[in-house]
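Trainee: from the sequence below, what's the structure:
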Amino acid sequence: MNYKYSEIVEELKRLSPSEFYMKYIVKSYNWYFENHLNEGDSNTIEKIDFFKEIVTKNFGISFHSVQMVGSAKIGFSLAPGKALREFIKDPMDDSNKSSDIDLAIISNSLFEDIWREIRKYKSTYLMKNYKKIASSIFLGYLNDKDFLDLEDFNSPVKRLILETNKELIDELSIMHPISYRIYRSWEDLEDYQLNSITKARSAYSAI
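Mentor: Down below sits the predicted model:
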């Protein structure tokens, strides 16, 4: 599938949120692998599968429990406030930075393990991002950046992330930073994505 920013943005407006989610988020089309990492390599699908194998092996989850989302998946951001900004490969100046690869890990058991660790954390009600973490848990997900930087918060997930990142660099030369979001279920991922798509459609209409 040839990536054309203007065509996909038009489909964001034309398709329903559910249709766009299925076509561009769930299905195997992947901007990062097709247009950046491999530049049209005929082995794109095999490399995407290898990417998923590395992640699922390290996290101990099923092959179908990992999904790339965000600007790395479709080429531009659906996040509110970013105005459909394209994936930034290399920052042109110090005022900007390269885009992250957003990775969704769908695992109820992993979600529950991390939540349990957060509940036991000695400074839970004092940590500055408590409300942000509590809000995300209510919506069925946890962001790695919200809990890994907590002082004295020891979680096996930190080791899993470091090992996975190293292997992805060594095996596939993936140099962009990866953001991990652990979802309780596929339904929670879908709800989040449909909400983002709906907001992005409104942002598109305002451009």
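Trainee: can you read off the pLDDT for Asp102?
Mentor: Note on Asp102: pLDDT of 95.
Trainee: whoops, I mixed them up, Lys122
Mentor: At Lys122, pLDDT is 65.
Trainee: check Pro156 too.
Mentor: For Pro156, the pLDDT comes out at 87.
Trainee: swap in Leu150?
Mentor: The predicted local confidence for Leu150 is 78.
Trainee: next, count neighbours for it.
Mentor: Leu150 has 19 neighbours, counted by other C-beta atoms under 10 Å. From N, CA and C alone the C-beta is placed, and that goes for glycine too.
Trainee: doesn't it belong to a strand?
Mentor: No - read with DSSP: H, G, I helix; E, B strand; the rest coil, Leu150 is coil and lies in no strand.
Trainee: that one and Tyr121 touch, don't they?
Mentor: Yes - with contacts counted by C-beta atoms under 8 Å, Leu150 reaches Tyr121, the gap being 6.5 Å.
Trainee: where does pLDDT dip in the chain?
Mentor: 1-2, 38-42, 91-96, 122-127, 205-207 (pLDDT under 70).
Trainee: can you pull out the strands in it?
Mentor: 66-69, 101-106, 141-143, 178-183 (DSSP state E).
Trainee: which strands or helices does the last one pack on?
Mentor: By that I understand strand 178-183. In terms of contact count using 3 or more C-beta pairs under 8 Å, 6 or more residues apart in numbering; DSSP states H and E, strand 178-183 is assigned the packing partners strand 101-106, helix 108-120, strand 141-143, helix 144-147, helix 156-172.
Trainee: need the winner for burial among those.
Mentor: Scoring these by mean neighbour count under mean count of other C-beta atoms under 10 Å gives strand 101-106 as the most buried, with a mean of 22.
Trainee: for it, which outside residues touch it?
Mentor: Contact partners of strand 101-106, identified using C-beta atoms under 8 Å, 6 or more residues apart in numbering, comprise 32, 55, 59, 61, 65-73, 174, 176-183, 185-186, 189.
Trainee: where's Leu139 relative to Tyr183, distance?
Mentor: 9 Å (C-beta to C-beta, to the nearest Å).
Trainee: then Lys89?
Mentor: 27 Å.
Trainee: more neighbours: those two, which one.
Mentor: A count of neighbours by other C-beta under 10 Å puts Tyr183 above the other of Lys89 and Tyr183, at 24 against 12.
Trainee: quick check: bridge partners of that one?
Mentor: Ile106, Tyr141 (DSSP bridges).
Trainee: contact partners for it?
Mentor: By C-beta under 8 Å, 6+ apart, the neighbours of Tyr183 are 104-107, 111, 140-141, 189, 192.
Trainee: then Asn129?
Mentor: Per C-beta under 8 Å, 6+ apart, neighbours of Asn129: Asp146.
Trainee: distance check, it against Lys89.
Mentor: For Asn129, the distance to Lys89 equals 29 Å [C-beta to C-beta].
Trainee: understood, closing this out.
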